[in-house]
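Peer 1: this one's sequence-less:
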């Protein structure tokens, strides 16, 4: 099952996205590329197999942080260093600046700050606590039990999403999506986080606004095609 | 000891920053406000006293996440909801969009992505693992020892900063500062993180580039006046 704009086999597109199907941060960028209808090659990086392909020397040359996603925009610059982009939110801002339609950030500065703040509350205050390397450290180094590890996951996820629910439920700018009636950077972050929360059995019963928005997003092909299960490296 | 642009006593400035002297995220915004020479009131929120002033109902009305910083730009909009900004990076982008001089992001999209990526690697992949609420959960819920808690702190801080050192040491765009020869958003994030790393006795011996840049920043009044020890609520 391949998403509409993914080209497999011979890599021929200008944009190459190093991605892992289950990585939330990769998922965010896949949504953004699809929303903008930008052709791209997906290059899978398996975070679990082969001792973690993100630790391979050739990958660390692209990203010293050994994290996905990495976007390489091959035609953007002859300089190999400049054309390698890391950090999902920086990549999406770049895509929005260089391919402005459809806009993923509103025009007004206060509203841009609002959309960025929603995205950052997920990207800084929820997701980093729950990604693979953290959960691994809890188990391997701190000898935390499976139950305590899952409780940790649910604690940060539920606390962060509850605050976001309160915020969006009370903000008149909330529409079909996190901001208004077209998807933005905020939705690119919300949908992967909700998908993860469901996979880890978080209690989302008090979050009708977030679930409604996530459902509205997933009804769009751009979101659906970016989902982990629809990636070339899905298991 | 008050920073140059802070007005205490009667609150009279258009910009009000809810801040805690030791909060890295608040520190980032204080630097940005100072770099731009913007007058502002600092409103201290003590994260430890009174059960944590960030949990007070009147503060949670401003920020459901119960986190500092919060910037209120009182003249930006008559709508009280729209004028309340959260998330340090969203606030700094807002300041840069509304008060463009001096620029905290370069003009070129690839370079903007580079600067944002440095900032996000600190704000998403280092800082969130080490802030107060996380360390508290490790101790209170997971019964982690003081030694293991400090090892956790140093692990994520040193690993993240080592990757950033490798990156900046090898990028021709690195100058006196993280990018070129004037401070950017990246420096607003680096300096608080290095200050924290030193406070927690992280091993920074392999990070000459980061230390050189941090020193260059701290030689500027905008950075020095934003430091925790120079805040009205410093202890």
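Peer 2: It's in. These numbers come from a predicted model, not from an experiment.

Peer 1: Domain map for chain A?
Peer 2: When chain A is parsed with automatic domain parsing, its domains come out as A:15-102+A:223-230, A:109-221.

Peer 1: Mind putting these into CSV with distance to chain B, mean pLDDT and mean neighbour count?
Peer 2: Every C-beta, even on glycine, is put in place using the N, C-alpha and C of the backbone. What follows is those, written out as CSV (distance: least, Cβ to the nearest Cβ, whole Å; pLDDT from 0 to 100; neighbours: other Cβ atoms under 10 Å in any protein chain shown):
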stretch, distance to chain B, mean pLDDT, mean neighbour count
domain A:15-102+A:223-230, 4, 93, 20
domain A:109-221, 4, 96, 19
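
Peer 1: right, so of the ones you listed, which gets closest to residue B:16?
Peer 2: domain A:109-221 (15.1 Å; Cβ to Cβ).

Peer 1: So what's the gap between the closest one and the chain middle?
Peer 2: Centroid displacement of domain A:109-221 relative to its chain, using Cα atoms, centre = their mean, to the nearest Å, is 11 Å.

Peer 1: Contacts made by stretch A:94-110 with the rest, please.
Peer 2: The contact list for stretch A:94-110 (Cβ atoms under 8 Å, 6 or more residues apart in numbering or on different chains) reads A:29, A:32-33, A:35-36, A:38, A:71, A:73, A:76, A:85, A:92-93, A:112, A:115-116, A:179-180, A:182-185, A:188, B:73, B:76-77, B:82-83, B:85, B:94, B:97-98, B:109-110, B:112-113.

Peer 1: how about the residue of chain A most remote from its centre, secondary structure?
Peer 2: Within chain A, the residue lying farthest from the chain centre (Cα atoms, centre = their mean) is residue A:143, at 28.8 Å. Under DSSP: H, G, I helix; E, B strand; the rest coil, residue A:143 falls in the coil class.

Peer 1: Residue B:113 is in contact with residue A:90, correct?
Peer 2: Yes: Residue A:90 is within contact range of residue B:113, at 4.7 Å (criterion: Cβ atoms under 8 Å).

Peer 1: Which residue ranges of chain A form strands?
Peer 2: A:15-19, A:41-44, A:70-73, A:84-86 (DSSP state E).

Peer 1: Export those as CSV, with columns for distance to residue B:162.
Peer 2: As requested, those are exported to CSV (distance: least, Cβ to Cβ, whole Å):
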stretch, distance to residue B:162
strand A:15-19, 21
strand A:41-44, 25
strand A:70-73, 18
strand A:84-86, 15
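
Peer 1: Contact partners for residue A:81?
Peer 2: Applying Cβ under 8 Å, 6+ apart, the residues contacting residue A:81 are B:170-172.

Peer 1: now swap in residue A:163 and tell me
Peer 2: A:121, B:64-66 are the contacts of residue A:163 under Cβ under 8 Å, 6+ apart.

Peer 1: Kindly provide the distance from it to residue A:126.
Peer 2: Separation of residue A:163 from residue A:126 (Cβ to Cβ, to the nearest Å): 9 Å.

Peer 1: For the residue sitting nearest the centre point of chain A, which residues are in contact?
Peer 2: Nearest to the mean C-alpha position of chain A, counting by Cα atoms, centre = their mean, stands residue A:28 at 2.6 Å. Going by Cβ under 8 Å, 6+ apart, residue A:28 touches A:69, A:88-89, A:92, A:123, A:188-189, A:192.

Peer 1: Also residue A:45?
Peer 2: Here residue A:45 is in contact with A:18-20, A:53-54, A:59, A:68 (Cβ under 8 Å, 6+ apart).

Peer 1: how about those residues in a markdown table, adding distance to residue B:210?
Peer 2: Compiled in a markdown table, the contacts of residue A:45 are given as follows (distance: Cβ to Cβ, whole Å):
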| residue | distance to residue B:210 |
| --- | --- |
| A:18 | 25 |
| A:19 | 29 |
| A:20 | 28 |
| A:53 | 27 |
| A:54 | 22 |
| A:59 | 23 |
| A:68 | 24 |
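
Peer 1: Looking at those residues, spot the one nearest residue A:231.
Peer 2: residue A:19 (7.0 Å).

Peer 1: Show me what that closest one bridges to in the sheet.
Peer 2: residue A:44 (DSSP bridges).

Peer 1: I'd say it and residue A:33 touch.
Peer 2: No: the pair residue A:19 / residue A:33 is not scored as a contact, 10.0 Å apart, by Cβ under 8 Å.

Peer 1: show me where chain A has helices.
Peer 2: Taking DSSP state H as the criterion, chain A carries its helices at A:24-35, A:57-62, A:88-98, A:109-125, A:132-140, A:146-170, A:185-199, A:208-218, A:221-224.

Peer 1: among the ones you listed, which is nearest residue A:232?
Peer 2: Among the helices of chain A, helix A:24-35 sits nearest to residue A:232 (Cβ to Cβ), with 11.1 Å.

Peer 1: Give me the residues contacting stretch A:197-208.
Peer 2: A:130, A:150, A:153-154, A:157-158, A:161-162, A:165, A:169, A:194, A:210-211.

Peer 1: how does it look with 10 Å?
Peer 2: For stretch A:197-208, contacts defined as Cβ atoms under 10 Å, 6 or more residues apart in numbering or on different chains pick out A:22, A:126, A:130, A:135, A:150, A:153-158, A:160-162, A:164-166, A:168-169, A:193-194, A:196, A:210-211, A:213-214, A:228.

Peer 1: Equivalent analysis for stretch A:227-235, please.
Peer 2: Taking Cβ under 10 Å, 6+ apart as the rule, stretch A:227-235 contacts A:1-3, A:6, A:8, A:19-24, A:26-27, A:30-31, A:41-46, A:48-49, A:191-192, A:195-196, A:199, A:218, A:224-225.

Peer 1: Mind listing the shared neighbours of residue A:90 and residue B:113?
Peer 2: Joint contacts of residue A:90 and residue B:113 (Cβ under 10 Å, 6+ apart) are A:71, B:120.
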